[in-house]
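Dropping a prediction and its sequence here:
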Protein chains: 2
Amino acid sequence: MFLGNNKLTRPTLLIDQHKCVDNIVRMVAKAAKNDVRLRAHFKTHQSAQIGEWIRSQGVVSIAVSSVKMAGYFANHDWNDITIAFPFNIHEIPVINVIDPQVLLQLTFLSSEVIEKTDAGLTRVVEAMIKIDTGYHRTGIAYNDFQCIAKVHKAITQAKNITFRGFLAHAGHSYYESSIEMIQKIHEQTRNRMLGLQARYPDAELSIGDTPCCSVLDDFIGVTEIRPGNFVFYDISQYSIGSCTMDQIAVCLAVPVVAAHPEERKVVIHGGAVHLSKDHIAMDDGSKNFGQVVKLHNQGWGQPLTDWSVSSLSQEHGILKSASEKAFNKIKVGDFIGILPIHSCLTADAMKGYLTLEGLSLEHLEGTNYK
Amino acid sequence: MFLGNNKLTRPTLLIDQHKCVDNIVRMVAKAAKNDVRLRAHFKTHQSAQIGEWIRSQGVVSIAVSSVKMAGYFANHDWNDITIAFPFNIHEIPVINVIDPQVLLQLTFLSSEVIEKTDAGLTRVVEAMIKIDTGYHRTGIAYNDFQCIAKVHKAITQAKNITFRGFLAHAGHSYYESSIEMIQKIHEQTRNRMLGLQARYPDAELSIGDTPCCSVLDDFIGVTEIRPGNFVFYDISQYSIGSCTMDQIAVCLAVPVVAAHPEERKVVIHGGAVHLSKDHIAMDDGSKNFGQVVKLHNQGWGQPLTDWSVSSLSQEHGILKSASEKAFNKIKVGDFIGILPIHSCLTADAMKGYLTLEGLSLEHLEGTNYK
């Protein structure tokens, strides 16, 4: 199979630029309609070039999930970057070498970390206070006003840190699949954040998770939304109702290397090191590791709903078909596509993209020590 | 925390060279005692330098799980390489550019693939026929003599492919946790492979999975064993009984970035992009994503059994403690260690190691398109 002059030979993460840009344009329009800032979360794609597609729609503010990612995008001329992750004091030296012209927001939830950070900084940063509005992963409880006041005070007393606002992630929306429940989570998040703004009138309010930002239309009241996954979407988001199948913008192309007609299954070179082990638990107790789609030279087509990705090991994937007729659609030597369950993890595993026009796009080297 | 002159600042995969070399020495001795070849599977570490530790114990034959990995190790002077994965015909050109002095074994299970491969090859390769002895992931059923004969015949008729033997992976041993069951799986695998050798007397027999190779002592009859994970081991292997906790040779060092005393939990910078999402299902329905250990400047110590890794998202990990006393052992700003559930996936995610002496070791770039 060819994309541009690129012949596919092994597992390759395809990206459909048109779908991706459509997803970006839609979210930009939604933010504009609500008069809120879109601070696109770049942890999903981690790519300088995909960042440019986002910039070309007028976005100037971004979020990232590690200090390393902040450095990478600062080097690619992004000047307003929130590191939306509890700040790790061991990375103060990395912050200090990021161009001082770049407006950097660090995320804090303890006065001790603020004091240590302030003492080590040789540049100015802004502070977002991490608030737990109900997800319970991390953050100060939205109604723990004493703790919030203590952290806020530590910021106001710091030399190198100025207060910018409150940041929340309603990650529990990922476990819902009705608009009503997602709406309810969003309303709760917004109200709890607005409650804080009543106490700290200058505070910006940053929220954002792809299900709420995709499914809902009303964000009035907050300063910014901070979704990330929306640029690609995936089968998890499709299950929640955040996107249509056709809006999913990345697809892992894999070669079929063996067939087992008696079990109506095929083996692909495509495993946990490509797709990650994220899966959806199905009603029958089985696990779904992705959606099989047909590939053609212009991209990928409709899902093959009579095929499933039933298991993954390190490099192997096992696809099962529902019938002999379905089985006959896929042959050894074919390339087929897998729409990922969780595109952020697939992108991080693959560390690079190929557009349907055959252009190679980079991905930050990720998490390696080197 | 310092290792040599390296100050830890962010998630880093530590490797204890002494533990790793001890694991290698033990497996080399076991192979020698049984008079079988140790063909070490390099998919676990994917590192040129760790390969040298193995070579220095006299190992000259290796297995890999992708053509890309074969090219990498061929470039590092390995001259007898089995690609223990059903061969993907789209990678014939990559095979053709590997130094013809390198003895390469490709894995086949269909005559059509053999014919297409033979037609495209410009160098000679050896063939291993992939046999399913009971794992049922892939391979020709051990008793499907007609299919085996057809594939064998295709090899004998090929210009560029010579027959070397049969290859099986008893991966179902990973689901067992008693020596008796692992012994039973091994006996079945060996007997089924010996049954094939009775029909094809010149065939080499290649088996190998870390549980069988670690737990058992008797491999007489097969030509070679092909374990991979034994160089590092991990919590999965510990659960099976393949290793002691103290033999686990890699540990993810992570910074603690937030604490939640009321829930007796801490947040680490260490998530699915570092450890992978592999986990062990616990009896109480919870998931175990790794074993928490204390770190010190000479490595890591005993497990903190009163702490658990209870969830992972992209970059976040959540550790929970069993008591207030336990909770007080870990503070924000500490580095702590996580022994991985599945070291192959953790190594693939991290793509690099730091020895306890502060030396950086490389990992093949893995699965990226670039």
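Arrived safely, thanks for sending.

Residues touching the helix or strand hosting A:Q237, excluding its own?
Secondary structure assignment for A:Q237, by DSSP states H and E: helix A:235-240. Helix A:235-240 is contacted by residues A:173-174, A:176-177, A:182, A:210-211, A:214-215, A:229-230, A:243-245, A:248, A:278, A:280, A:288, A:290-291, A:339-342 when judged by C-beta atoms under 8 Å, 6 or more residues apart in numbering or on different chains. Where C-beta positions appear, they are placed from N, C-alpha and C, glycine not excepted.

Look up phi and psi at the closest residue to chain B within the stretch 101-250 of chain A.
In the stretch 101-250 of chain A, the residue that lies nearest chain B is A:T138 (4.6 Å; C-beta to the nearest C-beta). Main-chain torsions, A:T138, degrees, to the nearest 10: phi -160, psi 180.

Confirm for me that it is in contact with A:K130.
Yes: counting by C-beta atoms under 8 Å, A:T138 touches A:K130, with 6.4 Å between them.

Find residues that contact each of those two.
Applying C-beta under 8 Å, 6+ apart, one finds that A:T138 and A:K130 are jointly contacted by A:P86, A:L109, B:A258.

Let's verify A:V309: helix, strand, or coil?
Put simply, A:V309 is strand when judged by DSSP: H, G, I helix; E, B strand; the rest coil.

what's it in contact with, if anything?
Contacts of A:V309 by C-beta under 8 Å, 6+ apart are A:L275, A:N288, A:F289, A:G290, A:Q291, A:V292, A:G317, A:I318, A:L319, A:I338.

Report the contact partners of the fourth one.
With C-beta under 8 Å, 6+ apart as the criterion, the residues that contact A:G290 are A:I235, A:L252, A:L275, A:V309, A:I338, A:L339, A:P340, A:I341.

which element is A:K33 on?
helix A:17-34.

and that helix, anywhere near chain B?
No: between helix A:17-34 and chain B, judged by C-beta under 8 Å from any C-beta of the partner chain, nothing touches; the nearest distance is 15.3 Å.

what sits up against that helix?
Applying C-beta under 8 Å, 6+ apart, the contact partners of helix A:17-34 are A:37-38, A:40, A:50, A:53-54, A:57-59, A:213-214, A:217-220, A:225, A:227, A:230-233, A:243, A:246-250, A:355-357.

Tell me which of those residues fall in helices.
A:I50, A:W53, A:I54, A:C213, A:S214 (DSSP state H).

In PyMOL, select just the buried ones from those.
Remark: buried members of those, expressed as a PyMOL selection using 16 or more other C-beta atoms under 10 Å in any protein chain shown:
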select buried, chain A and resi 50+53+54+213+214
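
and which of the ones in helices among the contacts of helix A:17-34 is nearest B:H296?
Set against B:H296, the nearest of the ones in helices among the contacts of helix A:17-34 by C-beta to C-beta is A:I50 (41.5 Å).

Pretty sure that closest one sits against A:G228.
No: A:I50 lies out of contact with A:G228 (C-beta under 8 Å); the separation is 11.3 Å.

Kindly present the shared contacts of A:T138 and A:K130 as JSON lines, with separate columns for pLDDT and distance to B:P11.
Formatted as JSON lines, the shared contacts of A:T138 and A:K130 follow (pLDDT from 0 to 100; distance: C-beta to C-beta, whole Å):
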{"residue": "A:P86", "pLDDT": "98", "distance to B:P11": "14"}
{"residue": "A:L109", "pLDDT": "97", "distance to B:P11": "20"}
{"residue": "B:A258", "pLDDT": "98", "distance to B:P11": "15"}
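
quick check: longest helix of chain A.
Longest helix in chain A, counting residues (DSSP H): helix A:179-199.

The closest residue in space to A:L364 that isn't next to it in sequence is in what secondary structure piece?
In this structure, A:L364 finds its nearest non-sequential neighbour in A:Q46, 4.2 Å apart by C-beta to C-beta, 6 or more residues apart in numbering or on different chains. A:Q46 is located outside every helix and strand, with elements delineated by DSSP H and E.

Quick one, which of the shared contacts of A:T138 and A:K130 are buried?
Buried by 16+ other C-beta under 10 Å: A:P86, A:L109, B:A258, out of these.

What are the neighbouring residues in contact with A:F289?
Going by C-beta under 8 Å, 6+ apart, A:F289 touches A:L275, A:K277, A:D278, A:H279, A:V309, A:S310, A:S311, A:L312, A:G317, A:I338, A:I341.

repeat for A:N96
Contact analysis of A:N96 by C-beta under 8 Å, 6+ apart lists A:G120, A:L121, A:T122, A:R123.

And for A:A48?
Counting by C-beta under 8 Å, 6+ apart, A:A48 makes contact with A:Y72, A:F73, A:H76, A:E362.

which of the residues you listed are close to chain B?
Checking these against chain B (C-beta under 8 Å from any C-beta), the matches are A:E362.

Which members of the contacts of A:A48 are the farthest-apart pair?
A:F73 and A:E362 (12.2 Å).

So if I had to pick from those two, which one is more boxed in?
More neighbours surround A:F73 than the other of A:F73 and A:E362, with 22 against 17 (other C-beta atoms under 10 Å in any protein chain shown).
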